[in-house]
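Enquirer: Structure, please.
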Amino acid sequence: MRLSLLFFLFIAEPCEPSCPIQPNQNIPAPSAVAPGGPQALAPPGSSSNGGAVPAHHSPYDLRRKSPSHHDGPGPSTSAATAGSPTSPATPTAPAQGYTSAMLPARKRPRRTCSASYENCTNTAAHYLQYELPDEVLLTIFNYLLEQDLCRVSQVCKRFQAIANDTEIWKRLYQSVYEYDLPLFNPAPCRFEFISPEESDLANPWKESFRQLYRGIHVRLGYQDITFKGRNLVYFNTVQGALDYADERSGSNSTTGSVSGSCSNHSTEGSSQGALIFLHAGTYRAEFLVIDSDIALIGAAPGNVAESVILERESESTVMFVEGAKNAYAGHLTLKFSPDVTSTVPHHKHYCLEVGENCSPTIDHCIIRSTSVVGAAVCVSGVGANPVIRHCDISDCENVGLYVTDYAQGTYEDNEISRNALAGIWVKNYANPIMRRNHIHHGRDVGIFTFDNGLLQKSYVGYFEANDIHNNRIAGFEVKAGANPTVVHCEIHHGQTGGIYVHENGLGQFIDNKIHSNNFAGVWITSNSNPTIRRNEIYNGHQGGVYIFGEGRGLIEHNNIYGNALAGIQIRTNSDPIVRHNKIHHGQHGGIYVHEKGQGLIEENEVYANTLAGVWITTGSTPVLRRNRIHSGKQVGVYFYDNGHGKLEDNDIFNHLYSGVQIRTGSNPVIRGNKIWGGQNGGVLVYNGGLGLLEQNEIFDNAMAGVWIKTDSNPTLKRNKIFDGRDGGICIFNGGKGILEENDIFRNAQAGVLISTQSHPILRRNRIFDGLAAGVEITNNATATLEFNQIFNNRFGGLCLASGVQPIVRGNKIFNNQDAVEKAVANGQCLYKISSYTSFPMHDFYRCQTCNTTDRNAICVNCIKTCHAGHDVEFIRHDRFFCDCGAGTLTNQCQLQGEPTQDTDTLYDSAAPMESHTLMVN
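Expert: All right, here's what the predicted structure looks like:
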């Protein structure tokens, strides 16, 4: 059915002489339509006749019965007669914009005509307009193109409802644009597919058609084809379409406007610039330089970008240059495939190039380059500020995205993967914004920021919420003064490290997740000084943060855990600030400072690490202040091999080994700390260790508060060493040391025990309230004791073994309980007051009759009572508990009449004050 037939039936003027016709007052008169008439492809909610478009229903629900022939006059042909050239009362064409709603109901002039012809015409028009089934009209309308369909929709409301059928417009839409879903253009440089089910529009296919109708089409084989009822422009080449768009822009005409009632207002087209659709195919050898606000968009079913390919072998595939402020390229595949045998250099040619002073939008494009130099995408120069989003820049034999020379831009939701060089390279003071990109499986670094080092703190980008993983080198590399801001990114499973900052690199790394990298999560070296703040750094196959080669940096408020090596490693003259971090559950140590490492390490919580909480070695001199170092599976803080530094105001507690160990030439300053709960003592100084321990509180350790062994020589001043579950200070195996002005009290064993050729100096100490002796010297040791106060100790003040001759001067030894002498005087076995956990000093005997060995000792009262008449010998005056009372000899001790004290006290916490008072009384 042709449209001319319908129009003849509805609006054609009869040629017979006029006859009187009464207009039908029940039927609104449709407006006369002429080319260039009012727009019919209007948004839902408005209509060309001034009335609201009804909500769309199935056209089969809209069938109406025709008015009764007996109740009123026949159907009106006022639309035809109003515009008839034979009607003297009306002009040949109505003014544009007039609709049936604007025409008042009125009687038409009486005319004369052939009655038979008029009746036939009225009957046919009446039948077609009111009685023809919707299904038949729908079939007829399916033969119409968009412009004729819009004109028919202005005949009456019934036609308008049927002409607005979604299936009709979907068929028309897909024949022109080929998309599976409606594509909308809500704003310049913004195109989005919306499923009809998710659209609020009554007919999304029609609205999309309206928005896109201004477009120029590049479709092979269509350039010489014309369509009646369609006003679209087709070209075989992209360049031809661009030239046409430039010409139309120069003449201020709307590209691809629709004539007649479907025309698109020129203001909309001109405000958004030309729109060019590239239909499915591969376009080679097109040299595309975009210097105006043109939109290039692929048009094809399925995955649009995969079907529309622009490819070049030389020069750049697509270039945006100055003037392309609001240009757009979307849903395309861009390829740069230079001929490897060509001698033409192409290191400055790219798949996509964005130059100075332009800001195009690149959207949903696939970008590939086989060039082994340069980059797939290059954004360069002052004023270069593109938006690149939802693109796939992958499998390129060079850099994926290259932003340089003061360029900017916003890069969002892109897939950047498997590129031979850096996935993203930012340099020379460029400052892009990159969000939610997926950068992975690169054969080099994931993101590389580089700045030539000419300016300090020159910014090279803001990176937010990117997923960076499985790159061969670092996930993120910062070099030469670059200062990116990296927030909320996940940097993981790198084949080397996570973040690598070197050669004066800077940067702000905040709130990221850095995990599961093969090497360190963060590397900082060569005078670099980044800020690493509030990150989760965990499960690294080596360390968490590795600072070396004179690196610096501010490392704060991070959660660092579960790494295979140290949570933080500082070496080779590096000097970072490390504060407010949690460093825990490492498979190695917490913080490792070595090879002249430095650093200020303060207010961190270091706990539950497999090895030492903090290791300091090989000439290192860090400062540790106000940290909580606890619950480690070995030592709290370990100084060895000339480790130095300061340990001030820290809480160090609950380690399976000592709280602090110092050995092999290490000489730290340990001041103002609280050291408690060590299962192998509080502080252990051995193998030539040194150190100044000053004003510390060392208490409640399972063994000695301080051990000094094997030629070590520390200085202890003004410390409080108390409530130990063993001795206060134990000095063995040639240990030395200067102990001055310390308070040593309430320890389970001797306040100070000196043994095995040791020779310390004790001055002005207060040693009191001990559960054993105040000072014990034994086993060929000696000491210098000057001006000490030793009082209220249970077994005595100063207890000396046989052969010991210390230098004693000006000491005050008073009010000690002398429990050993009292037990001897009372005839008690000494085991009754010591059990096997204490070693009171008294005369040491052996019984030959009972075959005692060198490891057995018998107190004097058991010799007199239990071994009376035996062959006994005096050995020496020394520390021991009585084996006879302990029941380890063949004879039953006759002096043990009641149970001895609890032998589990070695493993319990120190007794509280009230129990201590009961014990000594």
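
Enquirer: Contacts only, for the residue lying closest to Gln211 once chain neighbours are set aside.
Expert: The shortest distance from Gln211 to any non-neighbouring residue, by CB to CB, 6 or more residues apart in numbering, is to Asn185 (4.7 Å). Glycine gets a C-beta too; all of them are placed from N, C-alpha and C. The contact partners of Asn185, taken as CB atoms under 8 Å, 6 or more residues apart in numbering, are Phe191, Gln211, Leu212, Gln272, Leu275.

Enquirer: CA atoms only for stretch 371-391 - export them in PDB, please.
Expert: Presented in PDB, the C-alpha positions along stretch 371-391 are these (Å, rounded to 0.1, in the frame of the first residue of the first chain):
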ATOM      1  CA  SER A 371      54.000  -1.100  16.900                       C
ATOM      2  CA  VAL A 372      57.000  -2.000  19.000                       C
ATOM      3  CA  VAL A 373      57.700   1.600  19.900                       C
ATOM      4  CA  GLY A 374      55.500   4.500  21.000                       C
ATOM      5  CA  ALA A 375      52.100   3.800  22.500                       C
ATOM      6  CA  ALA A 376      48.600   2.800  21.500                       C
ATOM      7  CA  VAL A 377      47.100   6.000  22.900                       C
ATOM      8  CA  CYS A 378      49.000   9.200  23.300                       C
ATOM      9  CA  VAL A 379      47.600  12.300  25.100                       C
ATOM     10  CA  SER A 380      50.100  15.100  24.800                       C
ATOM     11  CA  GLY A 381      50.400  18.900  25.300                       C
ATOM     12  CA  VAL A 382      49.000  21.800  27.100                       C
ATOM     13  CA  GLY A 383      45.200  21.800  27.100                       C
ATOM     14  CA  ALA A 384      44.900  18.100  26.000                       C
ATOM     15  CA  ASN A 385      42.100  17.100  28.300                       C
ATOM     16  CA  PRO A 386      40.100  14.100  26.900                       C
ATOM     17  CA  VAL A 387      37.600  11.800  28.500                       C
ATOM     18  CA  ILE A 388      38.500   8.200  27.800                       C
ATOM     19  CA  ARG A 389      36.100   5.600  29.300                       C
ATOM     20  CA  HIS A 390      35.000   2.100  28.900                       C
ATOM     21  CA  CYS A 391      37.800   1.400  26.400                       C
END
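
Enquirer: count of residues packed around the nearest residue to Arg533 once chain neighbours are set aside?
Expert: Nearest residue to Arg533 in three dimensions, chain neighbours excluded: Ile510, at 4.8 Å (CB to CB, 6+ apart). Around Ile510 there are 18 other residues, counting by other CB atoms under 10 Å.

Enquirer: How about Asp200?
Expert: Asp200: 7 neighbours (other CB under 10 Å).

Enquirer: And for the one 10 residues further on?
Expert: For Arg210, the neighbour count with other CB under 10 Å is 24.

Enquirer: how about it, secondary structure?
Expert: Assigned by DSSP: H, G, I helix; E, B strand; the rest coil, the conformation of Arg210 is helix.

Enquirer: In terms of pLDDT, where does it sit?
Expert: Listed pLDDT for Arg210 reads 93.

Enquirer: State the distance from it to Ile162.
Expert: Separation of Arg210 from Ile162 (CB to CB, to the nearest Å): 18 Å.

Enquirer: For Phe235, which non-adjacent residue is closest in space?
Expert: Nearest to Phe235 is Ala241, by CB to CB, 6+ apart, at 4.4 Å.
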